[in-house]
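> Please find the sequence and the predicted model below.
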Amino acid sequence: MNKPIINVIIPAYNEADSIGKVIGDIPSIASEVIVVSNNSTDATKQMAESAGATVLSEEKKGYGYACLKGMAYIAKKTEAPDIIVFLDGDYSDYPEEMTAIVAPIIEQDVDFVVGARVDRFREKGSMTFPQKFGNALATNLMKLFFGSRFTDLGPFRAIKYEKLLALHMEDKTYGWTVEMQLKVLRQKLSYTEIPVHYRNRIGVSKVSGTVKGAIFAGVKILGWIFKYSFKK
């Protein structure tokens, strides 16, 4: 893949304090950075625009809704990208590691790459107990049912655009990441993980930072896993 066109999609809900830092650390290999303001009530939109991103608005709250909005925008382009990178807007990921995440796609023709938030690269307190428990449960169930090698549901990920379209993504909220990985497994796409650093996010998590969010996320994740476990 010679000089691929890389588009970045960043769902963002009230990330005015962090979104500029995220965009500023994205490597120049990205052709376009697309921030989807997911019904934000702060200055997320203005901060993202000031940092040079294309900003879309999605009033329906939900991580999946925001990702699908970004994909709908990309689908209207005259020249389709080669790779889509998904990245959170809270500055917990290290955007500069994008180069390492897309490398297996560019150099080895891998279809899908997850940035795995491994213990040795994780800042203390950056993942809550519900996050760690949910990740372990989900990835172990995927290993049990599908022989998966995934160790994380990390949101920092890259996928070939044509393969992403073939997944026919549906989830509108918390199940987006696990749905993608399950469909990668079902369609027998090639995949790998790249260890990435992870730090304490700026602001309060809208999912793991609340009991309601953690429960809803857990239900969504388990729902997708069991749906695909018994699907013929």
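Happy to help now that I have it.
> Now do the buried residues in stretch 9-25.
For stretch 9-25, a neighbour-count test (16 or more other CB atoms under 10 Å) marks 9-16, 18-23 as buried. (C-beta placed from N, C-alpha, C; glycine too.)
> Name the helix or strand of this protein that has the lowest mean pLDDT.
helix 211-229 (a mean of 68; mean pLDDT, DSSP states H and E).
> Give me the below-cutoff pLDDT ranges for this protein.
205-218, 229-232 (pLDDT under 70).
> How about the residue minimising distance to the centre of it: what's its closest non-neighbour residue?
Centroid-nearest residue in the chain: P155, 3.1 Å away (criterion: CA atoms, centre = their mean). Nearest non-adjacent residue to P155, counting by CB to CB, 6 or more residues apart in numbering: D88, 4.9 Å away.
> ok, that neighbour touching V8?
No. Under the criterion of CB atoms under 8 Å, D88 is not in contact with V8, lying 11.2 Å apart.
> quick one, helices of the chain?
19-24, 44-50, 63-75, 98-108, 129-146, 161-167, 176-186, 211-229 (DSSP state H).
> As JSON lines, those with distance to I83 would be great.
JSON lines is the format used below for the helices of the chain (distance: least, CB to CB, whole Å):
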{"stretch": "helix 19-24", "distance to I83": "18"}
{"stretch": "helix 44-50", "distance to I83": "21"}
{"stretch": "helix 63-75", "distance to I83": "11"}
{"stretch": "helix 98-108", "distance to I83": "6"}
{"stretch": "helix 129-146", "distance to I83": "23"}
{"stretch": "helix 161-167", "distance to I83": "6"}
{"stretch": "helix 176-186", "distance to I83": "14"}
{"stretch": "helix 211-229", "distance to I83": "24"}
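> Could you say which one of those helices comes nearest to F121?
Closest to F121 of the helices of the chain, according to CB to CB: helix 98-108, at 11.6 Å.
> Check which helices and strands that closest one sits against.
strand 83-86, strand 112-116, strand 157-160, strand 191-195 (3 or more CB pairs under 8 Å, 6 or more residues apart in numbering; DSSP states H and E).
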